[in-house]
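> Sequence plus predicted model, see below.
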Amino acid sequence: MASATPTVLIVSRDPEVKQVAAALQADGLTARNVASPRELQRALNTKTRSVIVLDDELAADDAFASAEILEKVHSLPTLVLVAPNAEMLNQSSADNPSIEEFVRKPIASTVLALRVKALILAAGLSLPTVKAAPVVEQGPLDLSSDSRGELTVVFSVKGGSGKSTIAANLAAGLASLYSVQTLLVDANLWFGDLGVLLNLTSSRSSFDVCGTEDPDLFALPKAVVPHASGASVLLRPPDPLSVEKIKLRSFVDAIERYRSLYEHVIVDCAAALDELNLDLLENSTRVLLVVTPEMGALHNTARFLGLAERLGHNRKISLVLNRANSGINAEDLQRTLGIPVACGVVSAGKMMLEAVNEGTTLFAMDPLRKERITQDLAAVVELVAGRAQPPVQRRDDSRRASPLRFLRRSA
């Protein structure tokens, strides 16, 4: 059973490393920067449970290398920061029976914060409760209050519905508009295209955390890829042959672990009701069900809604009508399905095609949200975030019209 939330002691004089204290405190953790042996000794003598972030360069200081200090440090879960060219031995020994993890500098404070959280979980300690954002009223929605972040599953009964585009822009919007710590997961393990949509190429993928029966907690933050929006992305395996080696139970368990590291996890599912998707739907706090205004999609969506009601998922479903400005109108669609349309997203073929080909999001292409499709996607983000959109940061017209630019041209 997990004990109380620990204090994180950051033993370093490196200004970049010390920045992680602010990131951890923003997530509700108690973090202290320790730069002298006396400070460290005082902190270790308290009864509070602690984990240590130990800068290897500082640990080489004779003042820190006293037997008393080392004995106490070695008894606690420790994340050791080593120099870029140093050798890293990721193992425990008889002299150091506690959990010890190594990471190479330099490392971004956001990534280091994730590594610290993974260390806390691996040590059997608890993370602070994530405060869930209030949910926009659109019918009863029962969200459990625990230490995990929200899990939104983006699902569609039909391929080609634009589901992945909505999932990618939703994650980017949560991260860039609301500054929410967001993870986007590609659960279409065979043919997922989030990497293409976001122009992300990496050997890191879900296989790194789901390729064995016993997932490595420390691998969770290492497996994700950062995106320019501020969101992190867990890509599908790059090698199709490795998909069969993925343990589906481990994949679902990894998603649950990620909920302890992020405020919001967005999962883009394949258009199938297989074992994996049923488990993800079961664990979700919200399901964004994407439908297009055509008879085939409408028929199968109605069939899914009947099944969802029997499984007890109907209360957490929000219907998103994509390409809402074409085909069957929203009123007829709502009447047929018996569920209101929570958000409609218009079709904008040329702009969307440009975004896909450039590997970017609509929020990056249209930061002022002038286009209707960007406004519609922002409404989807607002629905999931549970609070009003932040105002658009418009450019200063006086600066844009500065006469200095004409001087530069003439020069």
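Good, I have the coordinates.
> Checking residue 191 next. Helix, strand or coil?
Assigned with DSSP: H, G, I helix; E, B strand; the rest coil, residue 191 falls in the coil class.
> Tell me how many other residues surround it.
11 (other C-beta atoms under 10 Å). C-beta coordinates here come from the backbone N, C-alpha and C atoms, glycine included.
> I'd guessed it sits against residue 270; true?
Yes: at 7.4 Å, residue 191 counts as touching residue 270 under the criterion of C-beta atoms under 8 Å.
> Report the contact partners of residue 356.
165, 196-197 (C-beta atoms under 8 Å, 6 or more residues apart in numbering).
> again, only using 7 Å
By C-beta atoms under 7 Å, 6 or more residues apart in numbering, the residues touching residue 356 are residue 197.
> quick one, phi psi at it?
Backbone torsions of residue 356, given as degrees, to the nearest 10, read phi -60, psi -50.
> How much space separates it from residue 277?
Going from residue 356 to residue 277 by C-beta to C-beta, to the nearest Å gives 24 Å.
> show me the contacts for residue 208.
Neighbours of residue 208 in contact, by C-beta under 7 Å, 6+ apart: 219, 222-223.
> How far does whichever strand or helix holds residue 290 sit from its chain's centre?
Assigned by DSSP states H and E, residue 290 falls within strand 286-291. For strand 286-291, the separation from the chain centroid amounts to 18 Å (computed by C-alpha atoms, centre = their mean, to the nearest Å).
> what bridges to residue 318?
Using DSSP bridges, the bridge partners assigned to residue 318 are residue 288.
> So what's the residue count around it?
The local packing of residue 318 (other C-beta under 10 Å) involves 23 other residues.
> ok, now residue 238?
Neighbours of residue 238 under the rule other C-beta under 10 Å: 13.
> you'd agree it is in a helix?
No: assigned with three-state DSSP, residue 238 falls outside any helix and is coil.
> so residue 326 sits in a strand?
No: using three-state DSSP, the assignment for residue 326 is coil, not a strand.
> so who does it touch?
Listed by C-beta under 7 Å, 6+ apart, the contact set of residue 326 reads 293, 347.
> Next, find the distance separating it from residue 171.
In this view, residue 326 and residue 171 are 26 Å apart by C-beta to C-beta.
> What of residue 192?
Plainly put, residue 192 is 14 Å away from residue 171 if you go by C-beta to C-beta.
> Comparing these two, which shows the higher neighbour count?
residue 171 (33 against 21).
> The nearest residue to that one once chain neighbours are set aside - how many residues pack around it?
Leaving aside its sequence neighbours, residue 171 sits nearest to residue 184 (C-beta to C-beta, 6 or more residues apart in numbering; 3.7 Å). Residue 184: 32 surrounding residues under other C-beta under 10 Å.
> Does the residue most central in space within the chain have any beta-bridge partners, and if so which?
Centroid-nearest residue in the chain: residue 183, 1.4 Å away (criterion: C-alpha atoms, centre = their mean). Note on residue 183: beta-bridge partners by DSSP bridges are residue 232, residue 265.
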